[in-house]
Every structure is written in C-alpha cells, then in structure tokens.
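*Asks:* show me how the following folds:
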Amino acid sequence: MRCGVLNTLAIGLAGLHVSFASVCKPRSSASGFSSIESVTESATSSLTISSVSSAAITSTATDAISNEATTIAESASTLEIITTETATAAVSTTETSTAETTVTSGTISESVDLPTTVEATTAAPSNTAVPLFRVTAQSGPTGGQTLLADRNGYSVLLYDNSEGEFSDAFFAVDPVTNYLMLDNKQPICGYFGDNNGLAYWVRCDTSPTIEQAKLTCEIPTSTGEVLECRVPEIICDNDCVPTGETWSFTYTNTWGLGRWSANLGPESQNGGYKTALIVEFLD
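*Replies:* Numbers count the residues shown, from 1 in each chain. As a prediction, the model looks like this:
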C-alpha cells in the first residue's frame, strides 16, 4: 500500500525533474569491502627430537595468508610449538546506486595433525665408553714388566720386544660379553695347541679354530687391581676337545729362546711361574 502511494507521488513529480531512490528496492553490496578476520589455527604438539630443521614455503593466491607469530618454548629435550595464522580476504563491489555496505565476518577452524614424537638414534662407537688399561706381571722372571703385543705379526703376547713390532698391550673388557679385547678391537684367546698344560695368550684368529678359546675377564675398576680372567680348558692330543673345566690362574712361561709369555692354567701346574697381573689404567 505504501509503495503504491510513493510511486504515484514520484510520477507526479517527474515533471518537476525530481527523482528519488526507491526504498523498496532490495539492498545490495556496493563500494565497500568485506573482511574475514581472526582466522586462528592453533596446534600444539610435544616433540622429542635430537635436531630441529625448518623450511619456509611461500605461495601466492587470492587469499593472502601470513604467518604472524610462531612461539617456540624449549624445556630440556622437549619443544612446544604454537603457531598462529591470520587470513584476510578483501572483496570489492561497485554499483551505480547507493546502498549500505555489508560486512560479513566469521571464523574458520581447521584441524591440523602434528606428530607427537620424533625419535632419533645416535650411534656411538662402543670403545668411547670403555677405559683402556695395561697389565704388569707382579712377580717371577718378568716381575714389574708390562705385557706387550705385536698387532701386525706375532699373535702371541710377550714380555719383551727383542723381535717383532711389540709395544704395550692396551686392554679393555667388553661390558656385554666380558671378552678381553686388545685395544678394545680384537679379542684375546687362549691357545692350547702346544698341549703343555698351559694356554698362551694370543690374538684370536679371525676365523674360529679348535685350538683357541676366548678369554673372559672381570671388569677392573681401578689401578692396582688384579686382573681376573678365565678360559675353558681344551686338551689337544690328536684332536682338540673341550673338557668342560675352566682355567683361571695366570702364569709366565718360556716361549722360544729366552722369551716369556703370558698364560692361563689350572691352580696346580708343574711348568711356568704363577704370577698375578696388575692393572694400570691409562691417564
């Protein structure tokens, strides 16, 4: 009813060159901007990592997304990463008629899955944590002398360097197997091939032999301790056969012409000189 009256009035005034905008025309967007603000994405995750790397990714699109703030809180080996993003879109609309500008705002939520943990394994050489030591005969013909090793030639360990490339033998005891290791690299064996009632200390062959058995020792903790080692007994007549017994006493015995070796044997033995081996850790 009201619209009809106004239209009649407008027609009547047309001759007077007066124009009015129709108040019944639907409103439209014109000469304005609508903005979508406060789009917040928040993701929190606890990461356990050994190293942190970052990469920047830049993209161009109608909607410009800017990474406004990134906060990293570090505690011990745990990182908490909180990322806030704000997205803003601008829309421009123009019409010849006058209308109100409509602004629409809203919140867009997006779920972002982040890994909760990142595991890293750092491998370290086993010999970095195992201290090295040398041993010295306590008594007998080699009393006070340090046991030597030839790492390239002779396999037997001796107390003198008159022949070969002998130098101080540095030992470690493997914490898992308790094997006695030369330079913490090569195991030491007892050699039973001479069948003289004693086992010579030798560098183990790379391929197992029936004449050898690996030495196992208690792990020493300080200089001045006695090195306690043992080896399973083997009797070599025609064949080499383990007896099931264990030898755990250290001896010095002759080897070759006028040279002395380190040996393991039973508690009672006619040949050789029973002597303790004293540990001296390297500084």
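*Asks:* where does the stretch 51-200 of the chain have low pLDDT?
*Replies:* 51-129 (pLDDT under 70).
*Asks:* switch the cut-off to 90
*Replies:* Within the stretch 51-200 of the chain, the segments meeting pLDDT under 90 span 51-130, 195.
*Asks:* how many residues are close by Glu165?
*Replies:* The number of residues packed near Glu165 is 12, by other C-beta atoms under 10 Å. The way it works is simple: take the backbone N, C-alpha and C, and place the C-beta from them, glycine included.
*Asks:* residues in contact with it?
*Replies:* Contact partners of Glu165, counting by C-beta atoms under 8 Å, 6 or more residues apart in numbering, are Asp150, Arg151, Asn152, Gly153.
*Asks:* any idea what the residue nearest to it when sequence neighbours are not counted is bridged to?
*Replies:* Spatially, and ignoring its direct neighbours in sequence, Glu165 is nearest to Asp150 (5.1 Å; C-beta to C-beta, 6 or more residues apart in numbering). Going by DSSP bridges, Asp150 is paired in beta bridges with Phe166.
*Asks:* from what I see, Asn263 and Thr252 are in contact.
*Replies:* Yes - if you go by C-beta atoms under 8 Å, Asn263 and Thr252 touch, sitting 7.0 Å apart.
*Asks:* list residues touching both of those two?
*Replies:* In contact with both Asn263 and Thr252: Gly272, using C-beta under 8 Å, 6+ apart.
*Asks:* more neighbours: which of those two?
*Replies:* Shown here are Asn263 and Thr252; by other C-beta under 10 Å, Asn263 has more neighbours (28 against 25).
*Asks:* what's the helix or strand for the more buried one?
*Replies:* strand 259-265 (DSSP states H and E).
*Asks:* tell me the buried residues in stretch 227-241?
*Replies:* Leu227, Glu228, Cys229, Arg230, Val231, Pro232, Glu233, Ile234, Cys240 (16 or more other C-beta atoms under 10 Å).
*Asks:* Pro141: what secondary structure?
*Replies:* Look at Pro141: counting by DSSP: H, G, I helix; E, B strand; the rest coil, its state is helix.
*Asks:* that one: how many residues sit nearby?
*Replies:* 13.
*Asks:* measure the nearest residue to Glu228 once chain neighbours are set aside to Glu211 for me?
*Replies:* In this structure, Glu228 finds its nearest non-sequential neighbour in Glu218, 4.5 Å apart by C-beta to C-beta, 6+ apart. Going from Glu218 to Glu211 by C-beta to C-beta, to the nearest Å gives 25 Å.
*Asks:* which of the two has more neighbours?
*Replies:* Glu211 (18 against 13).
*Asks:* on that earlier part again, show me what contacts the residue nearest to Glu165?
*Replies:* Shown in contact with Asp150 (C-beta under 8 Å, 6+ apart): Leu158, Gly164, Glu165, Phe166.
*Asks:* quick one: the first one and Ser261 touch, right?
*Replies:* Spelled out, that is Leu158. Yes - using C-beta under 8 Å, Leu158 makes contact with Ser261 at a distance of 5.6 Å.
*Asks:* who's more crowded, these two?
*Replies:* Leu158 (25 against 22).
*Asks:* what is that one paired to in the beta sheet?
*Replies:* Taking DSSP bridges as the rule, Leu158 bridges to Leu148, Ser261.
*Asks:* how about the contacts made by the closest residue to Leu157 other than its chain neighbours?
*Replies:* Using C-beta to C-beta, 6+ apart and skipping residues adjacent in sequence, the residue nearest Leu157 is Trp201, 4.4 Å away. With contacts defined as C-beta under 8 Å, 6+ apart, Trp201 is in contact with Leu147, Val156, Leu157, Ile188, Cys189, Gly190, Tyr191, Leu215, Ser261, Ala262, Asn263, Leu264.
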